[in-house]
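**Q** return atomic coordinates for the entry below.
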Amino acid sequence: MFSGGSTFTLFRIRGIRIAVDWSWFIVLFLVIFWLSDFYGDVLDKPSGATEPYLLAVASAIGFFGSIVLHELGHAFEAQRHGIGITTIRLWIFGGMAQMDRESDSPGTEFKVAAAGPAMTLLIAILLIAYGVFTAGVSDFRDAMELKLTADTTGITTMIAWLASINLIVLAFNLLPAFPLDGGRILRALLALRLDYGQATALAAGVEIEWVTGSDLTEAHWDAFFAFYMDTGGRKWGRPYLNRRFFSLIGERMPEDILLVMAKRDGRYIAGALNLIGSDRLYGRNWGCIEDHPFRQFEGCYHQAIDFAIANRLAVVEAGAQGEHKLSRGYMPVPMRSAHFIVHPGLRRAVADLARQLVRVGNKAVVEGQLRGRQHPHAHLVNLAPDVQARKASLDEKDGQLLFVREA
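**A** All right, here's what the predicted structure looks like:
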């Protein structure tokens, strides 16, 4: 369940591209090199003999096929639930079925995640059944344990090795560590009781901390500033707060600050800055240095809601704009903004645009909401679904433009 770099296509199955990274051939070479000597010792053949080498090549091909079948288990189950699969990629650390979207429910994710290990288990059972039937329990067990005393043929020894390697692959993939199959299974089970953000954090071994007041340290601000700069560096704008700013607010208003910090393996990897008001929590800045599914929604929104509930704050104000917030339970609310614009030409242009947005935007958004969909420009006019009247006032005097918008 990992992905590699550049790949090339081997073949296609049911429209799924089977591709390998060059690093996968390192694995095959090591398998062939090691098993050639092993099979030579088992069969008491001299170095360079053909039979051990052919068995080693067949074992490598069998191992390759086992990994492909494991990933096809994921892929076919995903397709059964309407999830598109474009590519299965193999590289030095395993394989990954590339899905076009996440599962839409914990039950679907459980089935898709469990399908790969189930296929590997089936392969192991069939191989063990064949080996026990042909060599007996004792000798086949010795062959699976790579004992040279095993009284088995070359083919049976190869079957024993493939059975062992499939059991190892099964055990590794069932480790409860995200994004391994075991981690995804764990997330699916946790998501039956928790939201996906919390379930993902737990499955990925991510710890969430609330840091406020006297607990805030320069180490926290060092970590958060790195997150802040990373976010600014990946957007069209640029960071406008310097490192000293964060130290100052931590020094002068620590009781009004909440840092939601995510930590993995003892290191901070993400954080969200919130300001605590008398009756509400204001979400402001966010950043991360590692990518994890749902990390932003968990750190910025769900944790903010949990903190507000725990501290009896009536409102979480997550900031303006962003249709994605609707799916997290944040509804549009009235907003007002005032702007000082010095240049008269720009002032007139903004005033004209404001009039058009209020006139055209309101009509389009209301019509879209009546049809049961969210208009893409809803965030520009901050509309509430049940409000029919909109108003905007433009006040130009003393070289200023005051634009007030209200939903």
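**Q** buried set for stretch 44-64?
**A** Within stretch 44-64, the residues that count as buried by 16 or more other Cβ atoms under 10 Å are 45, 52-53, 55-56, 58-60, 62-64. To be clear about C-beta, it is placed using only N, CA and C from the backbone, and glycine gets the same treatment.
**Q** skip the chain neighbours and tell me the closest residue to I13.
**A** Take I13 and drop its neighbours on the chain: the residue closest to it by Cβ to Cβ, 6 or more residues apart in numbering is L72, 6.8 Å away.
**Q** contacting residues for that neighbour?
**A** With contacts defined as Cβ atoms under 8 Å, 6 or more residues apart in numbering, L72 is in contact with 13, 16, 88, 97, 119.
**Q** quick check: the farthest pair among those?
**A** With Cβ to Cβ as the measure, no two of the contacts of L72 lie farther apart than I16 and M119, at 14.4 Å.
**Q** inside strands: which ones of the contacts of L72?
**A** Among these, the members found in strands (DSSP state E) are 13, 16, 88, 97.
**Q** go ahead and confirm the third one touches A75.
**A** Yes: using Cβ atoms under 8 Å, I88 makes contact with A75 at a distance of 6.3 Å.
**Q** overlap in contacts of these two?
**A** Contacts common to I88 and A75, judged by Cβ under 8 Å, 6+ apart, are 16, 97.
**Q** these two: which has the busier surroundings?
**A** Just comparing I88 and A75: by other Cβ atoms under 10 Å the higher neighbour count belongs to A75, 28 against 25.
**Q** and the more buried one, what element?
**A** helix 50-80 (DSSP states H and E).
**Q** and D151, by the same measure?
**A** Going by DSSP H and E, D151 is not part of any helix or strand.
**Q** surely it touches D139?
**A** Yes: at 4.9 Å, D151 counts as touching D139 under the criterion of Cβ under 8 Å.
**Q** pick out whichever of the two has more residues nearby.
**A** D139 (20 against 12).
**Q** from L167, how far out is that one?
**A** Remark: distance between D139 and L167 (Cβ to Cβ, to the nearest Å) = 18 Å.
**Q** grab the nearest non-local neighbour of S164.
**A** Nearest to S164 is M144, by Cβ to Cβ, 6+ apart, at 4.8 Å.
**Q** that neighbour: neighbour count?
**A** Neighbours of M144 using other Cβ under 10 Å come to 22.
**Q** residues touching it, list them.
**A** 128, 131, 160-161, 163-164.
**Q** just to revisit the earlier point, now find how far off-centre the helix holding A75 is within its chain.
**A** 27 Å (Cα atoms, centre = their mean, to the nearest Å).
**Q** for A351, helix, strand, or coil?
**A** helix (DSSP: H, G, I helix; E, B strand; the rest coil).
**Q** give me the number of residues near it?
**A** By other Cβ under 10 Å, neighbour count at A351 equals 16.
**Q** mind checking how far L241 is from R252?
**A** Taking Cβ to Cβ, one finds L241 at 15 Å from R252.
**Q** those two: which is more packed in?
**A** L241 (14 against 9).
**Q** tell me who's in contact with the closest residue to that one other than its chain neighbours.
**A** Counting by Cβ to Cβ, 6+ apart, L241 lies nearest to Y228, which is 6.8 Å off, once chain neighbours are set aside. Each residue near Y228 by Cβ under 8 Å, 6+ apart is listed here: 239, 241, 246, 273, 285, 287.
**Q** nearest spatial neighbour of the first one, chain-adjacent residues omitted?
**A** It refers to P239. Leaving aside its sequence neighbours, P239 sits nearest to G232 (Cβ to Cβ, 6+ apart; 3.3 Å).
**Q** in which helix or strand does that neighbour reside?
**A** helix 218-233.
**Q** got the CA positions of that helix in CSV?
**A** Coordinates of each C-alpha in helix 218-233 appear next as CSV, following Å, rounded to 0.1, in the frame of the first residue of the first chain:
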residue,chain,number,x,y,z
GLU,A,218,8.7,29.2,22.0
ALA,A,219,9.0,25.6,20.8
HIS,A,220,5.3,25.6,19.9
TRP,A,221,5.7,28.8,18.0
ASP,A,222,8.8,27.6,16.2
ALA,A,223,6.8,24.6,15.0
PHE,A,224,3.7,26.6,14.1
PHE,A,225,5.7,29.2,12.2
ALA,A,226,7.1,26.4,10.0
PHE,A,227,3.5,25.3,9.3
TYR,A,228,2.4,28.9,8.6
MET,A,229,5.2,29.5,6.2
ASP,A,230,4.6,26.2,4.4
THR,A,231,1.0,27.1,3.8
GLY,A,232,1.9,30.6,2.5
GLY,A,233,4.6,29.2,0.3
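**Q** what angle do the helix or strand just after it and helix 218-233 make?
**A** Going down the chain from helix 218-233, the next helix or strand is helix 243-252, by DSSP H and E. Relative orientation of helix 243-252 versus helix 218-233 (axes from the mean of the first three to the mean of the last three Cα atoms, to 10 degrees): 140 degrees.
**Q** give me the distance from helix 243-252 to the chain's centre.
**A** For helix 243-252, the distance to the chain centre is 32 Å (Cα atoms, centre = their mean).
**Q** which stretches of the chain have low pLDDT?
**A** 1-6, 93, 195-205, 233-237, 291-300, 320-329, 334-337, 358-407 (pLDDT under 70).
**Q** quick one, helices of it?
**A** Along the chain, counting by DSSP state H, helices occupy 24-43, 50-80, 106-135, 137-144, 154-173, 181-190, 196-203, 218-233, 243-252, 295-296, 303-310, 344-356, 362-370, 378-381.
**Q** list the contacts of the first one.
**A** To tie it back to what came earlier, the one meant is helix 24-43. 4, 45-47, 49, 51-53, 55-57, 59-60, 63-64, 90-92, 146, 148, 150, 152, 154, 157-158, 161.
**Q** go on, the fifth one?
**A** Helix 154-173 is contacted from outside by 1, 35, 39, 42-43, 51-52, 55, 58-59, 62-63, 66-67, 70, 116-117, 120-121, 123-124, 127-128, 130-131, 134-135, 140, 143-146, 150, 152, 180-182, using Cβ under 8 Å, 6+ apart.
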